[in-house]
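[1] Curious how this folds, go ahead:
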Amino acid sequence: AAAAAAEPSASDIAEAEARMQAEMADLKTFMSKIVLGNDYSGGSQGDRPALTVSLAITNLASACIGELHRLQPLSAAARAKWARELDWLLMPLQGIVVMRPRVKVLSDGSSVEIMERVQRDDIASMLPILRQVDADLLALLDRFQPGDLALDYVKPGAGGGGAAGGGAADRNWWVARPVVPRPPPPALA
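    From the prediction side, this is the model:
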């Protein structure tokens, strides 16, 4: 009876297949933008792939993290979108390799020079750093739990010393700014 209860129903399977098909369609659209460099005309006016990936990461950060108007963790949906699409963007980087000569010792003791596929040096050194920065950013956002962090938020220009020179506060008049108490709470230390 326990084995029968653990098996997914037909509707569960159909729902999972529909989600996979939707994700594959999203991935195909996503990758076509990168491959074509956002040029769908068939010409050669597209951006270089590195620039396209860089812009896509910037747009993804804006869509997922840029919507936060308070110091708080990412929602589960935004975190899932961030992780999924960042993996999609970094996937092509993992396949960029160069051929390097290497000496291989054969079973009879002789040695031959062969060409070996190795990840490019800049990617091999920077990709782990990028992954660590990503993990650090998400960990930092997770530290801002609503109950643990008692910050007041004020509208720009409200309460003492509004922006005098027409700065970012005037451009983003709808975004409340945090007022950090002195000394700062442990989450900000």
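
[2] pLDDT on stretch 144-163, on average?
    Across stretch 144-163, the average pLDDT comes to 62.

[3] Tell me which residue lies nearest the centroid of the chain.
    Geometric centre of the chain, nearest residue: L86, 3.7 Å, by C-alpha atoms, centre = their mean.

[4] Would you mind writing the CA trace of the host helix or strand of that residue as PDB?
    Per DSSP states H and E: L86 is located in helix 76-94. C-alpha atoms of helix 76-94 as PDB (Å, rounded to 0.1, in the frame of the first residue of the first chain):
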ATOM      1  CA  ALA A  76      11.200  31.700  -3.500                       C
ATOM      2  CA  ALA A  77      10.000  32.400  -7.100                       C
ATOM      3  CA  ALA A  78      12.700  35.100  -7.600                       C
ATOM      4  CA  ARG A  79      15.400  32.800  -6.200                       C
ATOM      5  CA  ALA A  80      14.300  29.900  -8.400                       C
ATOM      6  CA  LYS A  81      14.300  32.200 -11.500                       C
ATOM      7  CA  TRP A  82      17.700  33.600 -10.600                       C
ATOM      8  CA  ALA A  83      19.300  30.200 -10.000                       C
ATOM      9  CA  ARG A  84      17.700  28.700 -13.200                       C
ATOM     10  CA  GLU A  85      18.500  31.500 -15.600                       C
ATOM     11  CA  LEU A  86      22.000  32.100 -14.200                       C
ATOM     12  CA  ASP A  87      22.800  28.500 -14.800                       C
ATOM     13  CA  TRP A  88      21.500  28.800 -18.300                       C
ATOM     14  CA  LEU A  89      23.700  31.900 -18.900                       C
ATOM     15  CA  LEU A  90      26.800  30.300 -17.500                       C
ATOM     16  CA  MET A  91      26.300  27.000 -19.300                       C
ATOM     17  CA  PRO A  92      28.000  28.100 -22.500                       C
ATOM     18  CA  LEU A  93      31.000  29.300 -20.600                       C
ATOM     19  CA  GLN A  94      31.600  25.900 -19.200                       C
END
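
[5] Just the residues contacting it, thanks.
    Here helix 76-94 makes contact (C-beta atoms under 8 Å, 6 or more residues apart in numbering) with 23, 27, 30-31, 34, 49, 53, 56-57, 60, 63-65, 67, 74, 119, 123, 127, 130, 134, 138. Every C-beta, even on glycine, is put in place using the N, C-alpha and C of the backbone.
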